[in-house]
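Novice: The amino acid sequence is not available; the structure is as follows:
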């Protein structure tokens, strides 16, 4: 089901804190989306399709900008209006990769540092979580062992782990990576395990009647069958990791988009904070879309 | 009689939450080399269970099954199984699906053997397609190619055409007759289609209703081969044979069912 919605290329709702039944929740959300897409609840219009797909989002953005301009005007200059932000953004993005010491770097460097932390933390989580997921999915005893731990630790905000990280690593950067690791781990384990349990008995029967070796069973049946579920896990993990890194960096400092937001707050450059919000949103969207493409590539129906 | 496949007083009891369920009891059946035998019966009579026992996917709780004099202790590549729902791996092309079986059995000429198996079922043109790109009938042909490619001693077919439309089913039945005639395969077919059983088989084994299902009657189909579907449609002997299977299923077994209920 999850994979079905993926294939449709829908931008998924952020089903934020992933949870032992993340897959199930995801499924429900996906099912809701499919229904929404196929819904005939819209009033019938005579407008051509291109008008709806191009014009409607543009109108939406225009209304958004209008409301924002109105609020900025009412706020008496405390909140910058869209034009001011646009000019500030043009200036910032004219030179995104400057570096004037550790505390004054271009927005490009900040985004890249954050992405690097997410990449490392997430990569480590995949390295640990995927094999664990296979074990939890394949053996009932392991599943029973893991269930209470995952159920207990999953609802915990990843930021609660930050002090432990600081204590263990005695440095901000590894602590932030560690937080990403912790928050990415659960969706990886849970989705891989669900994927292993969902393998149709038919495929395993094929393996049995052909007497396939364990290696062939893994490479030709288990791994490809679980891959779409693993990608769902990756998608959930990356989504959460990108949410968490901003908060973690606000607390730890250094170079990173989250730290940059905090720094600009201290400088009272509100237009830069708004630019950061948009940047974070766009990067998150790109990550998501990249994974949707990846999921499409590995779905077989 | 030539006992190529020998099922000797086989029984199967499943342990369920409500206690033991006797699915099959006292099954004795011998299949000769090159013979085509069908198992027919109402759904739930355990005919698929019997096929799975021969496939080695499940173990009998009583009796033994021998294939070419050797005891069957589990699944093996001396038997080729065609599943009802094709069971092709969706991430492999037709060629790769068949090759997966071939490489398990043969050391040499793997590619040629794979090509040959797909050619036998008339799918050379679709070798590099994925299962989702071909029709249900074609998928089932690949399933048959996969089972035949390993040159099994016996071909086990579990309602292979059950999920297909009537026209495709007829085409595939004709194909199967042609393939069996070319290869001289020994076949055990599970079906609930009376016409299919009579058309394809040398013997039709009719099973009683479960629980504790067993063989009720065995009908020798003495129609000459090759058999032509259209000619048989008006053949009195064919109709006679067909009628006796129907009689067994809808009179003898249906009555028993009513009494139980």
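Specialist: Cool, the structure landed. Since the structure is predicted, the reported quantities are computational estimates derived from the model, not experimental observations. Numbering: from 1, shown residues only, chains lettered A, B, ... in the order given.

Novice: can you count the residues close to residue B:202?
Specialist: 17 (other C-beta atoms under 10 Å in any protein chain shown). (Glycine included, C-beta is placed from N, CA and C.)

Novice: Relative to residue B:247, how far out is it?
Specialist: For residue B:202, the distance to residue B:247 equals 20 Å [C-beta to C-beta, to the nearest Å].

Novice: Just read off the phi/psi values of the residue lying closest to residue A:234 once chain neighbours are set aside.
Specialist: Distance criterion C-beta to C-beta, 6 or more residues apart in numbering or on different chains; nearest residue to residue A:234, sequence neighbours excluded, is residue A:291 at 6.1 Å. Per-residue torsions, residue A:291: phi -70, psi -30 (degrees, to the nearest 10).

Novice: Helices along the stretch 151-261 of chain B, start to end?
Specialist: B:166-183, B:194-200, B:229-232, B:236-247, B:253-260 (DSSP state H, counting those that start in this stretch).

Novice: out of those, nearest to chain A?
Specialist: helix B:166-183 (18.5 Å; C-beta to the nearest C-beta).

Novice: Identify each buried residue in the closest one, please.
Specialist: B:168, B:169, B:170, B:171, B:172, B:173, B:174, B:175, B:176, B:177, B:179, B:180 (16 or more other C-beta atoms under 10 Å in any protein chain shown).

Novice: residues contacting the third one?
Specialist: For residue B:170, the contacting residues are residue B:229, taking C-beta atoms under 8 Å, 6 or more residues apart in numbering or on different chains as the criterion.

Novice: Any stretches of the chain with poor pLDDT?
Specialist: All of this refers to chain A. A:1-40, A:44-45, A:301 (pLDDT under 70).

Novice: hm, I was asking about chain B
Specialist: B:1, B:255-261.

Novice: ok so, going back, and the residue nearest to residue A:234, how many residues sit next to it?
Specialist: 20.

Novice: can you pull out the helices in chain A?
Specialist: A:2-7, A:22-38, A:49-50, A:56-74, A:82-94, A:107-138, A:140-153, A:162-169, A:172-197, A:201-209, A:214-216, A:223-252, A:257-266, A:270-297 (DSSP state H).

Novice: Write out the residues of the stretch 51-200 of chain B neighbouring chain A.
Specialist: For the stretch 51-200 of chain B, the contact set with chain A under C-beta under 8 Å from any C-beta of the partner chain comprises B:55-57, B:75-77, B:79-81, B:83, B:85, B:87, B:89-92, B:100-101, B:104, B:130, B:132, B:150.

Novice: thinking again about what came up before, possible to save the helices of the stretch 151-261 of chain B as TSV with distance to residue A:252?
Specialist: Converted to TSV, the helices of the stretch 151-261 of chain B look like this (distance: least, C-beta to C-beta, whole Å):
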stretch	distance to residue A:252
helix B:166-183	64
helix B:194-200	71
helix B:229-232	77
helix B:236-247	78
helix B:253-260	73
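
Novice: Out of those, the one nearest residue B:212 is which?
Specialist: For those, the distance to residue B:212 is smallest for helix B:253-260, at 11.6 Å, taking C-beta to C-beta.

Novice: which element is residue B:48 on?
Specialist: Assigned by DSSP states H and E, residue B:48 falls within helix B:47-55.

Novice: Compute the inter-axis angle for that helix and helix A:201-209.
Specialist: 30 degrees (axes from the mean of the first three to the mean of the last three C-alpha atoms, to 10 degrees).

Novice: Tell me which other helices or strands helix B:47-55 touches.
Specialist: Judged by 3 or more C-beta pairs under 8 Å, 6 or more residues apart in numbering or on different chains; DSSP states H and E, helix B:47-55 is in contact with strand B:5-16, strand B:19-31, strand B:36-40, strand B:62-67, strand B:79-82, strand B:154-158, strand B:186-191.

Novice: hmm, 6 Å instead?
Specialist: Where contact means 3 or more C-beta pairs under 6 Å, 6 or more residues apart in numbering or on different chains; DSSP states H and E, helix B:47-55 is packed against strand B:154-158, strand B:186-191.

Novice: Show me what counts as buried in the last one.
Specialist: Okay, so that is strand B:186-191. Counting neighbours by 16+ other C-beta under 10 Å, strand B:186-191 gives B:186, B:187, B:188, B:189, B:190, B:191 as buried.

Novice: For the fifth one, give the beta-bridge partners.
Specialist: Think residue B:190. Here residue B:190 shows beta-bridge partners residue B:39, residue B:158, assigned using DSSP bridges.

Novice: Quick check: residue B:49 touching residue B:25?
Specialist: No. In this structure, residue B:49 is not within contact of residue B:25 by C-beta atoms under 6 Å, at 11.4 Å.

Novice: Measure how buried the closest residue to chain B within the stretch 51-200 of chain A is and give me the count.
Specialist: Closest to chain B within the stretch 51-200 of chain A is residue A:200: 8.2 Å, counting by C-beta to the nearest C-beta. Residue A:200 is flanked by 13 other residues according to other C-beta under 10 Å.

Novice: Find the residue closest to it in space, skipping its chain neighbours.
Specialist: Per C-beta to C-beta, 6+ apart, closest to residue A:200 is residue A:225, 7.7 Å.

Novice: wait, the one you found sits on residue A:199?
Specialist: Yes. Using C-beta under 6 Å, residue A:225 is in contact with residue A:199, at 4.6 Å.

Novice: Quick check: neighbours shared by these two?
Specialist: Taking C-beta atoms under 6 Å, 6 or more residues apart in numbering or on different chains as the contact criterion, no residue touches both residue A:225 and residue A:199.

Novice: next SSE after the helix or strand harbouring residue B:96?
Specialist: Secondary structure from DSSP H and E places residue B:96 in helix B:94-105. Using DSSP H and E, the next helix or strand after helix B:94-105 towards the C-terminus is helix B:110-120.

Novice: For that next one, buried residues please.
Specialist: B:110, B:113, B:114, B:115, B:116, B:117, B:118, B:120.

Novice: For residue B:117, see how far away the residue lying closest to the last one once chain neighbours are set aside is.
Specialist: Take residue B:120 and drop its neighbours on the chain: the residue closest to it by C-beta to C-beta, 6+ apart is residue B:179, 6.0 Å away. Counting by C-beta to C-beta, the separation of residue B:179 from residue B:117 is 10 Å.

Novice: How about residue A:210?
Specialist: 14 Å.

Novice: Let me have the buried residues of helix B:110-120 in a markdown table, extended by distance to residue A:100.
Specialist: Output for these, formatted as a markdown table (distance: C-beta to C-beta, whole Å):
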| residue | distance to residue A:100 |
| --- | --- |
| B:110 | 63 |
| B:113 | 68 |
| B:114 | 64 |
| B:115 | 66 |
| B:116 | 71 |
| B:117 | 69 |
| B:118 | 66 |
| B:120 | 73 |
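
Novice: okay, and the common contacts of residue B:179 and residue B:117?
Specialist: Between them, residue B:179 and residue B:117 share no contacting residue, judged by C-beta under 6 Å, 6+ apart.

Novice: Pull the number of nearby residues for residue A:235.
Specialist: 23.

Novice: For it, which non-adjacent residue is closest in space?
Specialist: residue A:291 (4.5 Å).

Novice: I'd guessed the one you found sits against residue A:233; true?
Specialist: No. Between residue A:291 and residue A:233 there is no contact under C-beta under 6 Å: 10.3 Å.

Novice: Show me which residues of chain A are close to chain B?
Specialist: A:202, A:206, A:208, A:209, A:210, A:211, A:224, A:300, A:301 (C-beta under 6 Å from any C-beta of the partner chain).
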